[in-house]
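Visitor: Okay, sequence plus prediction incoming.
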Amino acid sequence: MGLPRWNLSNKNERLFRIIVLTIVSFVLVYEKIYGSSSTQYAAMYLCVFSLVGTFLSNAVQKRYFTSVMEYAQVFRIVALLMMLCFLIIWVYVTIERVSQASLLTGIV
């Protein structure tokens, strides 16, 4: 029994990549328009881990990491888990910042 392995088809890999990069693009645009220093680091780490998690696809692993493919897959899974964690942190901090701003201005 080897390490974890995802055998997604090329179509599913492409759909996954599109969804993840769309979410990251939304976060970056939101940070550009409404961002503050409290949410900046979570968004930055989200972007870094999403690039590793999405572009280390099965085709890339088969081409460049043939001898250590299982380890590259684990690296990808960890990057995606970290991306998910930083997305949750970013959402939480953003909601807290918006709710505090609305309380300060009197809008509930």
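Guide: Received, thanks. What you see is a predicted model; the values in this text were computed from it and never measured.
Visitor: Residue 104 and residue 92: what is the separation?
Guide: Distance, residue 104 to residue 92, using Cβ to Cβ, to the nearest Å: 19 Å. Where you see a C-beta, it was placed from the backbone N, CA and C, and this is true even at glycine.
Visitor: Equivalent analysis for residue 26, please.
Guide: Per Cβ to Cβ, residue 26 is found 16 Å from residue 92.
Visitor: follow-up on the earlier one: more neighbours, residue 104 and residue 92?
Guide: Higher neighbour count among residue 104 and residue 92: residue 92, with 12 against 8, using other Cβ atoms under 10 Å.
Visitor: helix or strand for that one, which one?
Guide: Taking DSSP states H and E as the definition, one finds residue 92 inside helix 69-105.
Visitor: Could you do residue 11 as well?
Guide: Using DSSP H and E, residue 11 sits within helix 10-34.
Visitor: got the angle between the helix or strand following that helix and helix 10-34?
Guide: For helix 10-34, the succeeding helix or strand toward the C-terminus, using DSSP H and E, is helix 37-55. With axes from the mean of the first three to the mean of the last three Cα atoms, to 10 degrees applied, the angle from helix 37-55 to helix 10-34 works out at 160 degrees.
Visitor: Output helix 37-55 as CSV, nothing but the C-alphas.
Guide: What follows is helix 37-55, C-alpha atoms only, in CSV (Å, rounded to 0.1, in the frame of the first residue of the first chain):
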residue,chain,number,x,y,z
SER,A,37,-3.5,44.4,6.7
SER,A,38,-5.5,42.0,8.9
THR,A,39,-6.6,39.9,5.9
GLN,A,40,-3.6,40.5,3.7
TYR,A,41,-1.4,37.6,5.0
ALA,A,42,-4.2,35.0,4.9
ALA,A,43,-4.9,36.0,1.3
MET,A,44,-1.2,35.9,0.4
TYR,A,45,-0.7,32.4,1.8
LEU,A,46,-4.0,31.2,0.2
CYS,A,47,-2.6,32.3,-3.2
VAL,A,48,0.8,30.7,-2.7
PHE,A,49,-0.6,27.3,-1.6
SER,A,50,-3.3,27.4,-4.4
LEU,A,51,-0.6,27.7,-7.1
VAL,A,52,1.2,24.7,-5.8
GLY,A,53,-2.0,22.7,-5.3
THR,A,54,-3.4,23.4,-8.7
PHE,A,55,-0.4,23.2,-11.0
